[in-house]
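Chemist: Sharing a model prediction with you, sequence too.
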Amino acid sequence: NPPQVLLLEGGTEPQRLAAARYWAACVNCQQPGGEGGPCLVCPTCMQIDAGEHLDVLAYDGRISNADDEAHPGPIRALNMDNIRELKQKLRDAPHGQGRRVVLVSSGAVAAGRTALKKLPGEPAAVGLSGKQAAAAVGQGRLMHLYDNAFAERGILTAQVLLTRDDLKNRTRFLNIRNTFSELLNWGVIPVVNENDTVSVNELKFSDNDNLASLLINPVEADLFVNLTTIGGVLDANPLETPDATIMPCIEDVRALNLDTLCGGKTSVGTGGMYSKLLSAHRVAQLGVPTAILPGCEPDVIPRLFAGETIGTWVRPEQRTVSRRKYWLAYQADPQGTLYLDTGAADAVRNHGKSLLPGGITEVHGSFEAGALVRLVYDRETVGVGLSNYNAADLLRIRGLKRHEVAAILGDAHYPEVVHRDNLLLDAAL
């Protein structure tokens, strides 16, 4: 399969871009690389080989000017200019040169609210049911705009609506992967959005950054591009440092202090630079680079593929995780927390060991066996993994040796609480 690119278009804050997943001898600098196909992004000169075939996944949060209660009224109107801009940006570089595109788009609620203004009394779409109803009204209209915009270039689009439960269920996850594969092979651009009409808190992605980062896995993307309204990732919080400058490259996204750099999560807990860099951290674990580009500049994507240094690059990690562990760690929120002692934290983090009952000091939360739990030591997250025990049993056996566990639970018990095969270290949560 040709290398693939995940293009994220959206958000209003800066972010990331990165190098290539597998390195080969670069056509620009002839530097040797590791295993796997041709060089996508040269680690030395940071240029893209425009001759490579790439698949693109795009998310445009700018389609809707605002999607939270802080921006009421007309500002929620669908932004047609941004749809036209996006079509223009994708027209030449990513599509039609062997680069296949997946677009993740917001804007269904905004499109619905715009349509509702034409009804007598201009009904207000407020509250959960109101927003879901507005999404039902707007989703078809949003797709109609995309259909028309891309049809001008002879490009066919397809609508894909997802909830988090669709990616959590392994069977549905595999079906989604197969569907994307067929659409991309046909040269169709899938337009993906959260299925707002049926989503509830337990099924929501929290924001489209999260949705896009999870789609990296089934799409099997090789590059993640995010178009923002400013030039790239700033080296300091602009609210505290007005003269903050754009970082041309982020070598290690894990080393960033997101609370300091971003001022923590946004007031509503969704979106913003915090969640975008968190998503960049996630995709870096799969070995996928991320591109943060000034989406308002002309021809920014063609310039990117032409090799121009623009925006911010966030490099992927050299040591990648398996797609199974990626799915396991991020398909759901942790249901509980296990606090580790020093020995257990060192064994799990530095020696590739599984977590045993004796290394657990505290158990927080109520969860069943098989639930995703967070492992914490000294107030820092060590990783996440699947627990072989429910919370009630863990409270009985924490801190005990194996023979002591057998005396309480009998011989039919697991020696590990979290097996290393079901554990992802340094999870981006």
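Modeler: Sure thing, it's come through.

Chemist: pLDDT below threshold where in the chain?
Modeler: For the chain, the stretches flagged by pLDDT under 70 are 1-98, 200-204, 206, 263-272, 412.

Chemist: three-state assignment of the residue nearest to G295 when sequence neighbours are not counted?
Modeler: Leaving aside its sequence neighbours, G295 sits nearest to L227 (C-beta to C-beta, 6 or more residues apart in numbering; 3.0 Å). Quick note: C-beta positions are derived from backbone N, CA and C, even for glycine. Following DSSP: H, G, I helix; E, B strand; the rest coil, the label given to L227 is strand.

Chemist: didn't L227 look like it was pressed against T290?
Modeler: No - using C-beta atoms under 8 Å, L227 is not in contact with T290; the gap is 11.7 Å.

Chemist: neighbour-wise, which of the two wins?
Modeler: The neighbour comparison of L227 against T290 (other C-beta atoms under 10 Å) goes to T290, with 34 against 30.

Chemist: pretty sure that one contacts V283?
Modeler: Yes - counting by C-beta under 8 Å, T290 touches V283, with 6.0 Å between them.

Chemist: Give me the common contacts of these two.
Modeler: Residues touching both T290 and V283 by C-beta atoms under 8 Å, 6 or more residues apart in numbering: F224.

Chemist: which stretches of this protein form helices?
Modeler: 80-92, 108-116, 127-151, 164-168, 170-186, 208-219, 258-262, 272-285, 300-305, 323-330, 342-350, 391-397, 402-409 (DSSP state H).

Chemist: G385: which of those is closest?
Modeler: Of all those, it is helix 323-330 that lies closest to G385, at 7.8 Å by C-beta to C-beta.

Chemist: Tell me which other helices or strands the closest one touches.
Modeler: When contacts are defined as 3 or more C-beta pairs under 8 Å, 6 or more residues apart in numbering; DSSP states H and E, helix 323-330 packs onto helix 208-219, helix 272-285, strand 380-386, strand 423-425.

Chemist: Output the ones you listed as CSV; include the columns distance to A151 and mean neighbour count.
Modeler: Converted to CSV, these look like this (distance: least, C-beta to C-beta, whole Å; neighbours: other C-beta atoms under 10 Å):
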stretch, distance to A151, mean neighbour count
helix 208-219, 23, 26
helix 272-285, 31, 26
strand 380-386, 43, 21
strand 423-425, 42, 21
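
Chemist: would you list these in TSV and tack on distance to N169?
Modeler: Formatted as TSV, these follow (distance: least, C-beta to C-beta, whole Å):
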stretch	distance to N169
helix 208-219	12
helix 272-285	20
strand 380-386	15
strand 423-425	19
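
Chemist: what's the closest of those to E317?
Modeler: Nearest of these to E317, taken as C-beta to C-beta: helix 272-285 at 5.0 Å.

Chemist: Show me what the closest one is packed against.
Modeler: Using 3+ C-beta pairs under 8 Å, 6+ apart: helix 272-285 touches helix 208-219, strand 224-228, helix 258-262, strand 290-294, helix 323-330.

Chemist: now it against strand 224-228, angle please.
Modeler: 170 degrees (axes from the mean of the first three to the mean of the last three C-alpha atoms, to 10 degrees).

Chemist: Now find how far off-centre helix 272-285 is within its chain.
Modeler: Remark: helix 272-285 is offset 6 Å from the chain centroid, using C-alpha atoms, centre = their mean, to the nearest Å.

Chemist: Also stretch 191-201?
Modeler: Distance, centroid of stretch 191-201 to centroid of chain: 16 Å (C-alpha atoms, centre = their mean).

Chemist: Also stretch 386-406?
Modeler: 34 Å.

Chemist: next one: stretch 198-217
Modeler: 8 Å.

Chemist: same check, this time on stretch 397-414
Modeler: Distance, centroid of stretch 397-414 to centroid of chain: 39 Å (C-alpha atoms, centre = their mean).

Chemist: what do you get for stretch 340-359?
Modeler: On C-alpha atoms, centre = their mean, the centre of stretch 340-359 falls 29 Å from the chain's centre.

Chemist: Ok, stretch 356-375 next?
Modeler: 26 Å.

Chemist: Equivalent analysis for stretch 247-264, please.
Modeler: With C-alpha atoms, centre = their mean, you get 16 Å for stretch 247-264.

Chemist: And that stretch, what's buried?
Modeler: M247, C249, I250, V253, L256, L258, L261, C262 (16 or more other C-beta atoms under 10 Å).

Chemist: now, which of those residues sits nearest S366?
Modeler: For those, the nearest to S366 is L258 (28.5 Å; C-beta to C-beta).

Chemist: neighbours of A407, just the number please.
Modeler: A407: 12 neighbours (other C-beta under 10 Å).
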